[in-house]
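Student: Turn this into a structure:
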Amino acid sequence: MSGPAPQYEQLRKIPSPSTRLWVGLCVILSIFLIFVIYSSRQIRWLEDFQVNVVQRNRKASLQLSRLQNDSYLLAISLQGVVFSKSRYPIRDWEPEFTRLRNDMEDAARLEGRFAVDTVASHDKRIQLRSALADFGTTADGIFALARQGHTEEARRLIETELENKRAVISEIISRLLVLNDQAQSDAADRINATYENVKTDIVLITALLFLLALGTGLYTLEASRKTFAKLHHLAEQLQVQSGQLRKLSWKLIDVQEETLRQVARDLHDEFGQILTAIGVMLNRAGRKAQNPDPALIADLEYVKKIVEETLEKVRDQSQMFRPGILDDFGLDQTLEWFTRQFSRQAGIPIHFSGAVASRRFPPEESIHVYRIVQEALNNVARHSRATEAWVEMEERENELFLEIRDNGVGFEVGNPGERSPSDGIGLMGMRERAEHLNGTLDVQSAPGKGTVVSVRIPLREAPETRVVEKVG
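Tutor: Here you go, the predicted structure:
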């Protein structure tokens, strides 16, 4: 019994791209998991930094405010001693002075424990403790003089020496407040820098994942192209041998087209699953964070929103590439839908109106008109800096008249009808499509006056019309 034909043996030897495709997907997921671990560590570092630095600085600021308040009360008490000679003897003020001194010493001790030490602040804290001790010693001596009956001498020393020492304490406290505010600002800057780094890393990793997914898809398409090229070559060999094998070869070609469409569809779905997985992992990272900072949670929510919007844009772009409604509902409904979608995505109000025929353009003609509008609005979004655009379609003397205009910055154009290098590939493609339909395309623009793209396409008949108007 003879073995399989050589052609079938070659069919078995054609490699499948599935294995390498799965390897690529595993690499993408591995990179994403590494990024999640890295992000989690950054989150933990931020939490520790906030506890160890930011919260300590806040507590230190409270103690410095307490010191400053005591200093103000001390100044008031000093003025009271000086100006209430007849009402209260000096010795009656001693308990108040003692209370304020003890409170200031306690606040200074707590501030030194909470604050993040720097060279400048360390020196100032030493000066503060020394000034408080000096103030206490001087105050004790003054009250001792008062108890011995030297009231006027005690008042003079309070008004001169003791007030000067209190002023020194107040100045040191003010300087410590400035240094603490600076430390707080430095800590905030460091946190913001870390946030920016995390956001940048998220963008880079997302871009890397996208590029890897794109590379995997391109590899799959190229591998499929080579595979089906081999199949086509084998089909030609089989066609030479017999008519039946020739029919089989055409069947293989049909299979190859269907497989290509299936590969593209699978790639779209897998990319959507990857984006969905990214959103799930971001939610998980947010839930795992201990005492998360609201700003970080907001950043994670923002990234998740970007992922959701990207997934929606992938689906929208798939529709815009070859909208199914063009075959089902015709040109007018397609342009109404497209301008609405484009306005939402580009953030530019697009006003659509049209007096359209009750009959529909054949799809093979409608797709060219659709592409002209698509390319014109893409140019509006990319180059014009417009805040508003209009798409108008109507019949004029057995012609379809289409006009796309904007209120953007405009540009210099060549003479009408000429194709200059400045036209660009997009404009050349628009002209080719219009000419394919036996029509014309004209561009009018000037700096500061916007741009108008006018298209005229002959109609085959004069049908009834209906008016559709839509503001994007």
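Student: and Arg113, how many neighbours?
Tutor: The burial count assigned to Arg113 is 11, neighbours taken as other Cβ atoms under 10 Å. For every residue, glycine as well, the C-beta is placed using N, CA and C.
Student: Doesn't it lie inside a strand?
Tutor: No: with DSSP: H, G, I helix; E, B strand; the rest coil as the criterion, Arg113 is located in helix rather than a strand.
Student: and it, how far is that from Glu161?
Tutor: Arg113 is 31 Å from Glu161, where distance means Cβ to Cβ, to the nearest Å.
Student: Now for His436, how many residues are close by?
Tutor: Burial of His436, expressed as a neighbour count using other Cβ under 10 Å, amounts to 12.
Student: likewise Val178?
Tutor: The local packing of Val178 (other Cβ under 10 Å) involves 14 other residues.
Student: got it, and Tyr302?
Tutor: 12.
Student: Model confidence for it, exactly?
Tutor: Per-residue pLDDT puts Tyr302 at 80.
Student: What helix or strand is it located in?
Tutor: Taking DSSP states H and E as the criterion, the element that holds Tyr302 is helix 294-321.
Student: Show the subsequent helix or strand relative to that helix.
Tutor: Proceeding C-terminally, helix 294-321 gives way to helix 325-329 as the next helix or strand, assigned by DSSP H and E.
Student: Excluding chain neighbours, what is closest to Ala446?
Tutor: Excluding its sequence neighbours, the residue lying closest to Ala446 (Cβ to Cβ, 6 or more residues apart in numbering) is Gly410, at 5.1 Å.
Student: For my notes, confirm that neighbour occurs in a strand.
Tutor: No: when three-state DSSP is applied, Gly410 is found to be coil, with no strand at that position.
Student: just so I have it, where are all the helices in this protein?
Tutor: Under the criterion DSSP state H, the chain contains helices at 6-13, 18-49, 55-83, 94-114, 119-147, 151-157, 163-241, 243-288, 294-321, 325-329, 331-346, 363-379, 424-436.
Student: With distance to Leu400 as added columns, please give the ones you listed in a markdown table.
Tutor: A markdown table is the format used below for the helices of the chain (distance: least, Cβ to Cβ, whole Å):
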| stretch | distance to Leu400 |
| --- | --- |
| helix 6-13 | 50 |
| helix 18-49 | 45 |
| helix 55-83 | 69 |
| helix 94-114 | 77 |
| helix 119-147 | 77 |
| helix 151-157 | 102 |
| helix 163-241 | 36 |
| helix 243-288 | 32 |
| helix 294-321 | 21 |
| helix 325-329 | 16 |
| helix 331-346 | 9 |
| helix 363-379 | 8 |
| helix 424-436 | 11 |
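Student: nearest to Asp406, of those?
Tutor: helix 363-379 (8.7 Å; Cβ to Cβ).
Student: Go through the closest one and flag the buried ones.
Tutor: Of the residues in helix 363-379, those buried by neighbour count under the rule 16 or more other Cβ atoms under 10 Å are 365-370, 372-377, 379.
Student: cool, and stretch 145-158?
Tutor: Residues of stretch 145-158 classed as buried under the neighbour-count rule (16+ other Cβ under 10 Å) are Leu145, Ala146, Ala154, Arg155, Leu157, Ile158.
Student: what's the answer for stretch 191-210, then?
Tutor: Ile191, Thr194, Tyr195, Val198, Ile202, Ile205, Thr206, Leu209.
Student: Cool, thanks, talk later.
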